[in-house]
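Undergrad: Starting from these lines, generate the structure:
(one chain, ligands or ions: 1)
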Amino acid sequence: MEAKAFRKKLKENILGLDRDFLLSYGDFRGLKSFQARDAYIWLYNRRELNPSKWSSLPISFRKAVSEDFDFSLPTVKKERASSDGTEKLLLELKDGNKIECVYIPQGKRITLCISSQAGCPLNCKFCLTGKGGYFRNLEVAEIISQIIILENKFSLFGKSYNIVVMGMGEPLLNYSNLCKALSIITDCEGLAISRRRITVSTVGIKEILERYLGDERMPLLAISLHSAIQEKRNALIPSKSVLSLIELRNLLQNNSRKGREPVSLEYVVLKDFNDHKEDIEALVKFCKGLKVKVNLIQFNEHPLLNFKAAEEKEMVRIQDILSENRISTTIRKSRGKDINAACGQLLDLERLKLK
Ligand code: SAH
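TA: Numbering: from 1, shown residues only. Coordinates of the predicted model:
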């Protein structure tokens, strides 16, 4: 590695550095390539964030690496536990920005929900995160750190769990860092979490979604659809970066032909907004011929949001119509409602009060 390239990375957080970088860094610090690979394994695969414990490596290297990079994790500022077992952590980043991540146990199944941005620029009308504004993209290390922090706190290392990138932010607007983080997360010598256990949720960003679908290394995909009627979808998701329904459908059709895993379509059911007969007919039409599953989501109400949740029996009725049309459909109940940890409620409410 050239000294210049190395100096640029100096003092960066180590959790953002990929295998190639660590291999050349190891070479720069006089390691053999198998030893540099070992450093990568200690760090990510064994989650050992104290380099003095990297016992297979020379002491001089352990000292150098601890001085060259930042090994710290974001600080946990607040923890809130819901009566249903869900726990939300508020993390403070180095520059003072705050993000949230959530631990969601459901019987034996454990899901971790992580953020991709500090705040969110999309401003979806039914989502609280957007109300708090947008600050910046998360660094690779900040994405990976959320998993490490949740693993530590809930003793998850070695257990299997799922990850959903459904916290704050729009992951496809932070695509480069998302891809770098995912390559370390899914690498079998990295965090070694299977891509099939990870779901990235997006509104469908122009140009980027096509790249995502074209890349077989990418994890499972969920699209936040919420309406199959263009004007209504525009009203809910006003961002100009979002694909039109026709463009979205064309991409999904191509994807279905390639025989990949089904894509989930997320549909937050909003009372008297997207739950009418014509809304469900449009949804059925949108799904016909596509390899998709529909996930009906219970809306989490909030005084700052001008929508009401549909009743449960209404959601079951919609599920029945979709099932009659042979569209596989599940209903996702709210989790962590009492601690504002539910979908779209990940927001530093204290900051909002100051606004
Ligand atoms: N920006 C990405 C990921 C973050 S939102 C996306 O839009 O997919 C994760 C999911 O929570 C999305 O499906 C979003 O539409 C949903 N959501 C947002 N606010 C909600 C609310 N108040 N109640 C229920 N679901 C909500």
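Undergrad: Pull the number of nearby residues for K288.
TA: Each residue near K288 was counted by other Cβ atoms under 10 Å, and the total is 12. In short, each C-beta sits where N, CA and C put it, glycine included.
Undergrad: how near is it to Y175?
TA: In this view, K288 and Y175 are 30 Å apart by Cβ to Cβ, to the nearest Å.
Undergrad: swap in R196?
TA: Taken as Cβ to Cβ, the span from R196 to Y175 is 21 Å.
Undergrad: In contact with the residue lying closest to F307 once chain neighbours are set aside, which residues?
TA: Residue nearest to F307 in three dimensions, not counting chain neighbours: L270, with 4.6 Å by Cβ to Cβ, 6 or more residues apart in numbering. Going by Cβ atoms under 8 Å, 6 or more residues apart in numbering, L270 touches F126, H226, F299, F307, K308, A309, A310.
Undergrad: More neighbours: R196 and Y175, which one.
TA: A side-by-side neighbour count of R196 and Y175, using other Cβ under 10 Å, places Y175 first with 19 against 11.
Undergrad: So for the helix or strand in which the more buried one is found, mean pLDDT?
TA: Counting by DSSP states H and E, the element that carries Y175 is helix 175-186. When pLDDT is averaged along helix 175-186, the result is 98.
Undergrad: Going along the chain, name the helices of the stretch 101-250 of the chain.
TA: Residue ranges of the helices in the stretch 101-250 of the chain, as given by DSSP state H, counting those that start in this stretch, are 128-131, 140-153, 175-186, 208-214, 230-236, 245-257.
Undergrad: Which one of those helices has the poorest average confidence?
TA: Across the helices of the stretch 101-250 of the chain, helix 128-131 gives the lowest mean pLDDT, at a mean of 90.
Undergrad: count of neighbours near K271?
TA: Neighbours of K271 using other Cβ under 10 Å come to 14.
Undergrad: That one and V200, how far apart?
TA: Taken as Cβ to Cβ, the span from K271 to V200 is 28 Å.
Undergrad: With L73 instead?
TA: 23 Å.
Undergrad: L150 too?
TA: 17 Å.
Undergrad: sorry, back to before: just the angle between the helix holding Y175 and helix 140-153, please?
TA: Counting by axes from the mean of the first three to the mean of the last three Cα atoms, to 10 degrees, helix 175-186 points 40 degrees away from the direction of helix 140-153.
Undergrad: Would you mark the buried spots in helix 175-186?
TA: Y175, N177, L178, C179, K180, A181, L182, I184, I185, T186 (16 or more other Cβ atoms under 10 Å).
Undergrad: To what extent is the nearest residue to the second one once chain neighbours are set aside buried, counted in neighbours?
TA: The shortest distance from N177 to any non-neighbouring residue, by Cβ to Cβ, 6+ apart, is to V140 (5.0 Å). For V140, the neighbour count with other Cβ under 10 Å is 24.
Undergrad: Also the one 4 residues further on?
TA: Neighbours of I144 under the rule other Cβ under 10 Å: 25.
Undergrad: what about the spatially closest residue to it that is not a sequence neighbour, how many neighbours?
TA: Distances taken as Cβ to Cβ, 6+ apart put L15 closest to I144, at 4.7 Å, once the chain neighbours are dropped. L15 has 24 neighbouring residues, counting by other Cβ under 10 Å.
Undergrad: next one: the one 4 residues further on
TA: For R19, the number of neighbouring residues by other Cβ under 10 Å comes to 18.
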